[in-house]
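Colleague: when you get a sec, could you give me coordinates for this:
(chains A, B, C and D)
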2 protein chains.
Amino acid sequence: MKKKSRINIYDVAEAAGVSISTVSRALNDDARISPKTKAKVRAVALRLGFQKNALATSLSTNQTKVIGVIVPQLNREFLSSLVHNIEETAFEMGYSVIVCQTNNSYEREKTYMDTLIASRVAGIVATLSLETESFEHFEKAMEQGIKVVLVDRVTNALKGITKIVVDDYRGSFEGTQHLIDQGYTKIAYLSGPTKQLMYADRLRGFQQAVKEAGLPLKDEWVKYSSNLSFEEGTRIANELLALENPPNAIFTANNLTAISTIARAEELGLKVPEELGVIGFSEEPFSAFMKPSVTSIRQPSKAMGQLAVQKLIEEINSDQNGSYIHQKVVLDTELICRDSTRLRKSG
Amino acid sequence: MKKKSRINIYDVAEAAGVSISTVSRALNDDARISPKTKAKVRAVALRLGFQKNALATSLSTNQTKVIGVIVPQLNREFLSSLVHNIEETAFEMGYSVIVCQTNNSYEREKTYMDTLIASRVAGIVATLSLETESFEHFEKAMEQGIKVVLVDRVTNALKGITKIVVDDYRGSFEGTQHLIDQGYTKIAYLSGPTKQLMYADRLRGFQQAVKEAGLPLKDEWVKYSSNLSFEEGTRIANELLALENPPNAIFTANNLTAISTIARAEELGLKVPEELGVIGFSEEPFSAFMKPSVTSIRQPSKAMGQLAVQKLIEEINSDQNGSYIHQKVVLDTELICRDSTRLRKSG
DNA sequence: AATGAATCTACAAGCGCTTGCATGGCAGCA
DNA sequence: TGCTGCCATGCAAGCGCTTGTAGATTCATT
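Modeller: Residues are numbered from 1 along each chain as shown, chains lettered A, B, ... in the order given. This is a model prediction of the structure:
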């Protein structure tokens, strides 16, 4: 049998001359234990270096103080910032965070879900992977009583679940309008996979703004990329700029591709923003430092992270009372005007 | 008493018509159970949607498959990239990762350590907070049998512990030499707090290189910042450039301050790299995209993350055999020459 | 002095799983 | 037929904690 390595409440009880239930209650600040006993028990526990075994507590109480976070990856500014804020808020509320990266793999998302269920996490904050199109794994977790909040990349297929998103449609609409205001007339769009709600919304926002302005909406000016990587941006910018009738502005669905679009344009001898305006959705840390600095649509990662955790824990705690009202929270994006779209001086 | 919400091995045992020990063994692929029984049990478990309670398993076996990661923050490129790779490697090896951000607070580091000990994590990978100068909390964890690996920001005060670092001294030396090779003669240095081993090493590397080259090593050209923030970089660059005898190159101990140094220099009308060379330790995603692109010393975050986890798990598994040999792994940095230090065309 | 209330503490079952040891069944051998 | 030996399975204790309930103590009250 295993050796009893660490000291437990039995040791404390013995040293303090009380029973283990008294130790447990004293440590949990139960009203039934006299202040004197509490003080004694605590002193002994401290002296012995006692550290409560959270596993045993969780097993016994059937609840944990940990939330699982499922995100595609950690090395993207928005996501690492989101996780940063999630962790921060969770810490303040007494929760730990288990981080799971799916690498945008559906399989991996499922695997992680099982792990989190097995770990009996209290709740899960998730940003869907790009591949994810079915959601049984989420339903499974919810059936097991695990609360789930979806952030940023969400789905309408899942009901009875809190969602935190930005108004992608509006953000995209405003970004496009900004281009139009600046005087750009032939605007192309580089979209992510529109199976993803957010990319569909962004595309719609773009299209609507162009349409309302009475500008041309050419099919050949709308391109799709499955992963919106730096290289994809380069490739597609190349395609767009090689068209017989090339656009004079490009709106990209993320910021990384905006960078590579600018780089490619400059390689081709085009001046940004004079000959080509470029704007990208979401914001990377370098967006401001680049030359030209990159106009972008900022997503409020701080608010999103905070809200996600707050709502999640609210729901976890609401279990007693019964029904929790699930909401979809839509946050505003912020247009950050920078040099890459500054056509008119009086922009 | 609480309701038994989820199905457990008792349910499976009953449904399969065997005992719980058989279920347990079948699910754990114990050799003593016949293949037929295993198949039957597994089928039933699957049908019932059984999900093993990891808490109970851990409590019973006295071991968990989770490692704690303690880092100052997640919204720095190097650290988020490090954590990314740690998580990735841990996943491959069957471990989950609990992420803890200290915000460079010693108190918080201690708090997290207690949480991790309470959670009975198998091991901890940590990058010390800037504030941390005493290490009892680490010793406490180690006494409890929790393995610890220190990464990047480490200490010599802790013995019997694996450390993964880059050769800060050498990286700094090489970076300085690069400046000298380029023809810069008056080189200033912006250091982090030298209580931190890594900052001390970087400073030494710089000093040694300057000395060996027979260049002046003026006290007024060495500045210190407690946090190396963007603003600090601006402030200190300002100080340096306002000197009666200003430097013509600045080496900063991180990359963020390199950016703000460049920005400030340009505001002051100085041309980079012609009139001021700038190089920064570590690498940010935007280092390459800036104009001028920023010469920097790259730390191999991928290798560091991988190694940290591999060594940690090695040590965890070595417990049976007895003594594990703790090593300090020193990885090479890589000098990424970019425009901000390109004085000679034939650089 | 006896009684009840109010306080405090201990007992023991239970959370869901692992695991050393016991047991039962059966084939093979004499 | 009776015995040994082996294989597959079951029993039950234990991991460290929580918690309903019973029991002990104290104190005030009559």
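
Colleague: what about the residue in chain A positioned nearest to chain B, which helix or strand?
Modeller: Minimum separation of chain A from chain B (C-beta to the nearest C-beta) falls at A:F286, amounting to 2.6 Å. All C-beta atoms are positioned from the backbone trio N, CA, C, and that covers glycine. A:F286 belongs to no helix or strand when assigned by DSSP states H and E.

Colleague: A:E284 now?
Modeller: Counting by DSSP H and E, A:E284 is found in no helix or strand.

Colleague: and what of A:G94?
Modeller: Judged by DSSP H and E, A:G94 forms part of no helix or strand.

Colleague: rewinding a little: measure the residue of chain A closest to chain B to B:G305 for me?
Modeller: 22 Å (C-beta to C-beta, to the nearest Å).

Colleague: list the residues that contact A:R32.
Modeller: Applying C-beta atoms under 8 Å, 6 or more residues apart in numbering or on different chains, we find A:R32 in contact with A:R25.

Colleague: list the backbone torsions phi and psi for it.
Modeller: phi -80, psi -10 (degrees, to the nearest 10).

Colleague: residue boundaries of the strands in the stretch 151-300 of chain A?
Modeller: A:162-166, A:187-191, A:222-224, A:249-252, A:277-281, A:295-298 (DSSP state E, counting those that start in this stretch).

Colleague: now do A:Q320, the pLDDT please.
Modeller: As predicted, A:Q320 sits at a pLDDT of 54.

Colleague: cool, and the one 5 residues further on?
Modeller: You'll see A:I325 listed with a pLDDT of 89.

Colleague: okay, now it: neighbour count?
Modeller: Using other C-beta atoms under 10 Å in any protein chain shown, A:I325 is surrounded by 8 other residues.

Colleague: which SSE is it in?
Modeller: With DSSP H and E as criterion, A:I325 is part of no helix or strand.

Colleague: for chain A, give me the ranges with low pLDDT.
Modeller: A:1-5, A:319-322, A:345-347 (pLDDT under 70).

Colleague: show me what from it comes close to DNA strand D.
Modeller: The interface of chain A toward DNA strand D, taken as C-beta under 7 Å from any atom of the strand, is made up of A:1-2, A:4-6, A:8-10, A:20-21, A:24-25, A:27-28, A:50, A:52-53, A:56-57, A:59-61.

Colleague: just the buried ones from the residues you listed?
Modeller: Buried residues within these, counting neighbours by 16 or more other C-beta atoms under 10 Å in any protein chain shown: A:R6, A:N8, A:I9, A:S24, A:R25, A:L27, A:F50, A:K52, A:N53, A:A56, A:T57, A:L59.

Colleague: out of those, what pair is the most spread apart?
Modeller: A:R6 and A:R25 (20.7 Å; C-beta to C-beta).

Colleague: could you dump the buried ones among the residues of chain A next to DNA strand D to a markdown table with distance to A:T333 and secondary structure?
Modeller: Formatted as a markdown table, these follow (distance: C-beta to C-beta, whole Å; DSSP: H, G, I helix; E, B strand; the rest coil):
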| residue | distance to A:T333 | secondary structure |
| --- | --- | --- |
| A:R6 | 50 | coil |
| A:N8 | 52 | coil |
| A:I9 | 52 | helix |
| A:S24 | 50 | helix |
| A:R25 | 50 | helix |
| A:L27 | 47 | helix |
| A:F50 | 50 | coil |
| A:K52 | 44 | coil |
| A:N53 | 45 | coil |
| A:A56 | 46 | helix |
| A:T57 | 42 | helix |
| A:L59 | 44 | helix |
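
Colleague: which ones among those come in contact with DNA strand C?
Modeller: Among these, the ones lying near DNA strand C by C-beta under 7 Å from any atom of the strand are A:R25, A:A56, A:L59.

Colleague: same list, the residues you listed, but as TSV with distance to chain B please.
Modeller: Below are those laid out as TSV (distance: C-beta to the nearest C-beta, whole Å):
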residue	distance to chain B
A:R25	17
A:A56	6
A:L59	5
